[in-house]
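> my questions concern the predicted model and sequence given below.
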Amino acid sequence: MSAGSDLVRRSAADLADALASGETTSVELTRACLDRIAQVDGAVHAFLHVDAEGALAQAAASDARRAAGRPASALDGVPIAVKDVLATEGLPTTCGSRILEGWVPPYDATVVARLRAAGLPILGKTNMDEFAMGSSTEHSAYGPTHNPWDLDRIPGGSGGGSSAAVAAFEAPLAIGTDTGGSIRQPGAVTGTVGVKPTYGGVSRYGLVALANSLDQAGPVTRTVLDAALLHEVIGGHDPKDSTSIDAPLPALVEAARQGAAADLSGVRVGVVRELGGEGYQAGVQQRFDEAVQLLVGAGAEVVEVSCPSFVHALAAYYLIMPSEASSNLARFDAMRYGLRVLPETIDNPSAEEVMRATRDAGFGDEAKRRIILGTYALSSGYYEAYYGQAQKVRTLISRDFEAAFGQADVLVSPTAPTTAFPIGEKLDDPLAMYLNDIATIPANLAGVPGVSVPAGLAPEDGLPVGFQVLAPALADDRLYRVGAALEALLEKEWGRPLLGLDKLDHRIPEVTR
Amino acid sequence: MPEISRDEVAHLADLARIELSDAELDHLAPQLSVILESVASIAEVAAGDIPPTSHAVPLTNVFRADEPEPCLTAEQALSGAPASEQQRFAVPRILGDEQ
Amino acid sequence: MTAVSDSGGLVDFDEALERFDPAMGLEVHVELNTVTKMFCGCRTEFGAEPNTQTCPTCLGLPGSLPVVNGKAVESAIRIGLALNCEIAEWCRFARKNYFYPDMPKNFQTSQYDEPIAFDGWTEVEINDGEGGVERFRIEIERAHMEEDTGKSLHVGGATGRIHGADYSLVDYNRAGIPLIEIVTKPITGTREKAPAVARAYVAALRDILLGLGVSDVRMEQGSLRCDVNLSLALAGSDKLGTRTETKNVNSLRSVERAARYEISRQAAILDAGESVLQETRHWHEDTGITTSGREKSDAEDYRYFPEPDLVPVAPSRPWVEELRGTLPEPPRERRARLQAVWGFADLEMRDVVAAGAIPVIEATVAAGTTPQAARKWWLSDLARRANEQGVELADLPISPEQVARVQTLVDEGALNDKLARQVIDGVVAGEGDPDAVVKARGLAIVSDEGALSEAVDRAIAANPDVADKIRDGKAAAAGALIGAVMKDMRGQADAGRVRELILEKLA
Ligand SMILES: [Mg+2]
Ligand SMILES: [Zn+2]
């Protein structure tokens, strides 16, 4: 095993220590990640764009800061991959869509600006469902990403590129975005950690909106502590985002370190009755139940809670999200940036004709479905019955959360109802696809934070299962305490982390790009 | 609620400025009907006295001071433009009302 | 489109009023004079190089987000208060979804069913035609906040207009500039005075906004734009007719003319037994007519919903009261006060108000002239020019300070009235300040007593009869000689001094 492959398998926290002690350099580390990407990404296809030159230049600058004794942050020099839905100045940003092919933003998203300020070299942009519309990354205009555990299966979505990149050891860290589960569900099916912060906890400035009232960017990592470290870099108030919360973040890294001691005495854990059982794969439910028992063993008090309105969450979500999306995506009209298609059959076509042709050619099936659905839900005569009604369901879901958090400090459930399904299986059955998000959506509707932590492999298919922890708004620290405790308890049982290079390498053929 | 007709989908596509082919319309209309059926239950859920939630986190009065910030250069602004001329975005002929 | 409206048939205005009652609704868009845009920190300077005042937000780039300009909210509240509106305790922005190339996001961030100000009123005065003043109370439906669009330049085609153009060029500097849209309730019962009331309302609104200092209100630059909605009902019927919406009527004079034109045009359609089409119409300043624009159909569906990127605006009552405290004197009280201070007769003041001359007279007086002198300049010469050019007094290329300087030169004896008029001509023609014009055109009064004396002698010699009359004590006859001298001196003499000299010489 080469020094490089040894480096790429380590956690970000570990790498930060190695950089601090001088054991390695950011350039060496970044090069190791780029080598790994070159080896395996042909098979995994986690990246839409790799910026080797830029990443190495940032790494060299990081090393210079270290040498001068002025690291910019704890993670200075640790490379990261960024979901292609965040604007990156000078780097292509496509959102997985043809309509933005070749677009290079003239500005950085706040999350990206904070990564740069903290000194994390940006390896590249990761694949995703077009405009984050999907749960499998199959809806990318640039081809699907493959799950490193089984290349014939989906890596989850919409942030399958970020989760696969981290799972395949192409990057120690990645940024995802979560509108209905797009960080947590990919985390679950790839055996990685994914955190959706409290709505308003991480700036949305520069995040190309799917559904503005639901979207949140967050960490995609291999360990809970890494997620906390990254969350502290990207989180906190941003005056450029009117929905950003003007309050300090709770102590997340501290909570993760505390949780690693696996003492949960005094912590009340609520198992959500509506998120489990029927409709959940047996092995998924089994691993979830076992994990709950581990928490009990660590001193947690487990109660069952009921959130009756959650059964309507999916319906509310599939009205609010496409409504907001239909309006957000209106700007892709061939006038100012992105694709411009001139209809062949028309001589000197009008702006309107060019818009129509471009939007037909530039958007994929799922984007069109959702735009039409959202246009319908907002159109006069239907608004009250659909969008208005869905907003009321949101109120009911928030009330359910409030009541549940009266009984428990955190709520838990399986993250996704199944393990990774085969690529192509649900592509033309939108409804079946939407059901993947059944357990993750309530948190988005209520704005509360959630994490997915690996809970083992389902016995029937040997594929990863995710364990979801939800906390009240602004109490993101609880995710890290409970998540880190579960991680420690499980790894003690397994004797090592769930994800390992050795475990995956026979599954991913080496492909030199 | 809703069966969504092929004509209705065509009208919505028109509102959304998407030129859908006949094949796409045939494909989309039944899919949308299925989706709409699945969300139809929402009509019965929430009674009239429940206030709608548009934002999960209730904030009000988030204002910015009236102080200028640096703009993009014209070159940056036009950098993504499919066509430009005279430092302006060149767009196909516009039908309809002058604004 | 109907046959009559196509053929441009018109009914005589007075005749139309015999059979029909007009109802009007006026929608005014005011660009605020904030330093930055409604939702981003870009500057709002007029006339900047194209696309130099944009950022990701006002260009609608993917990922960008809006943040509300607090000063714009403050201005909106002050406008609402000055129009006697209620101020919402809680309101939101909404997205108005429609596609247009000059609108970067293809939705306008506006307010929908929750405007910041509503249910107000203001009063306007017009001449009653018999030397008196008639007052009308205009009910204000709402005033809400929104953003402006970019500006398109149409290339190719015959006219440079949108129709027939080959393509267009868009400048987004104006996109995102804060707008306040002020909408009246239907204005009825104004009969033949409808056009005058429309004009007086927009003029009154302009004065209020100017007094608040919230906008430059320059109609010719588009910082105040008016849409005139007009419908006719059969006289005596209380059923409103179908209305048209005439867009972008951008001078006070045009507001009056457009209303008048629509009354005549719609009357012709109704007389022909046809129906008025509900549509937007375009106003043509040059020809004074409106032409058909877009038909308002049910297909127009803006799919409004609350803007999820912005949080609600909930002005606290103490803040609203604090802003109320900053309001200037209401126009009517202000007029009464100024009339007393200036010592104008009712009739004089009425003309001043009708000409919209209060602000310019006030500024001219402040620059050091007497109120009567200021009134004289603005209401005679300058009012005529403004009328000829179809612009407002304030928009003439001469400032109150320059007018005051001309009067000072007259008071100092350096100019007489005739020369002063020429100086005004020069300033308006862009030849510079009054002093510069005097110098360049050589307009100063000849103060050379010798030259003057010789001219008087010449006039006496040329008019012996007149001279005899004066010698006989008929001093009133001096006028003819003064005229001759002034002619001789090409107007550049002080008529008073000439008279003195004549009387001295013929004593
Ligand atoms: Mg408007
Ligand atoms: Zn801007």
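Yes, it's here. Ligands and ions are numbered 1, 2, ... in the order given.

> which ones are touching residue 79?
Looking at chain A here, since you left the chain open. A:26, A:29-30, A:33, A:55, A:59, A:120-123, A:171-173 (CB atoms under 8 Å, 6 or more residues apart in numbering or on different chains). All C-beta atoms are positioned from the backbone trio N, CA, C, and that covers glycine.

> that's the wrong chain, I wanted chain C
When the contact criterion is CB under 8 Å, 6+ apart, the partners of C:Ile79 are C:Val30, C:Ala117, C:Ala143, C:Ile180, C:Ile182, C:Ile208, C:Leu209, C:Leu212, C:Val214.

> any idea which element it lies in?
If you go by DSSP states H and E, C:Ile79 is part of helix C:70-82.

> so which elements touch the next helix or strand after that helix?
Downstream of helix C:70-82, the next assigned helix or strand under DSSP H and E is strand C:86-87. Contacts defined by 3 or more CB pairs under 8 Å, 6 or more residues apart in numbering or on different chains; DSSP states H and E place strand C:86-87 against helix C:70-82, strand C:117-127.

> quick one: buried residues of the top helix by length along chain B?
Under DSSP state H, the helix in chain B containing the largest number of residues is helix B:22-39. Using 16 or more other CB atoms under 10 Å in any protein chain shown as the test for burial, helix B:22-39 gives B:Glu24, B:His27, B:Leu28, B:Ala29, B:Gln31, B:Leu32, B:Ser33, B:Ile35, B:Leu36, B:Ser38, B:Val39.

> give the full set of residues in contact with the first one.
Contacts for B:Glu24 (CB under 8 Å, 6+ apart) come out as A:Asp360, A:Lys368.

> got a pLDDT number for it?
pLDDT recorded at B:Glu24 is 93.

> contacting residues around residue 72?
Since you didn't name a chain, this refers to chain A. By CB under 8 Å, 6+ apart, the residues touching A:Ala72 are A:Ser62, A:Arg65, A:Ala117, A:Ala118, A:Gly119.

> wait, chain C was what I had in mind.
Shown in contact with C:Ala72 (CB under 8 Å, 6+ apart): B:Asp66, C:Leu32, C:Thr34, C:Met38, C:Met145, C:Pro178.

> biggest strand in chain B, by residue count?
Secondary structure of chain B per DSSP state E: the longest strand is strand B:88-92.

> the bottom helix or strand of chain B by mean pLDDT?
Least confident helix or strand of chain B, by mean pLDDT, DSSP states H and E, is helix B:42-45 with a mean of 82.

> just how off-centre is the next helix or strand after it within its chain?
Downstream of helix B:42-45, the next assigned helix or strand under DSSP H and E is strand B:63-64. For strand B:63-64, the separation from the chain centroid amounts to 26 Å (computed by CA atoms, centre = their mean, to the nearest Å).

> tell me who's in contact with the residue of chain A found nearest ligand 2.
Per CB to the ion, A:Tyr107 is where chain A lies closest to ligand 2, at 11.1 Å. Counting by CB under 8 Å, 6+ apart, A:Tyr107 touches A:Ala87, A:Glu89, A:Gly206, B:Leu72, C:Cys55, C:Pro56, C:Leu61, C:Ser64.

> show me what counts as buried in the helix or strand where A:Ala485 lies.
Following DSSP H and E, one finds A:Ala485 within helix A:476-494. Across helix A:476-494, burial judged by 16+ other CB under 10 Å covers A:476-491.

> how about stretch C:172-186?
Buried, per 16+ other CB under 10 Å, within stretch C:172-186: C:172-184.

> from the residues you listed, pick the one nearest chain A.
Closest approach to chain A among those (CB to the nearest CB): C:Tyr172, at 8.1 Å.

> ok, the closest residue to the closest one other than its chain neighbours to C:Lys37 distance?
Spatial nearest neighbour of C:Tyr172, excluding adjacent residues (CB to CB, 6 or more residues apart in numbering or on different chains): C:Gly150 at 4.1 Å. According to CB to CB, to the nearest Å, C:Gly150 and C:Lys37 sit 12 Å apart.

> ok, those two, which is more surrounded?
Ranked by neighbour count (other CB atoms under 10 Å in any protein chain shown), C:Gly150 and C:Lys37 place C:Lys37 first, with 31 against 28.

> tell me if I'm right that C:Val311 and B:Ala56 touch.
No. Counting by CB atoms under 8 Å, C:Val311 sits too far from B:Ala56 to count as a contact (11.4 Å).

> give me the three-state assignment for A:Gly270.
Counting by DSSP: H, G, I helix; E, B strand; the rest coil, the backbone at A:Gly270 sits in strand.
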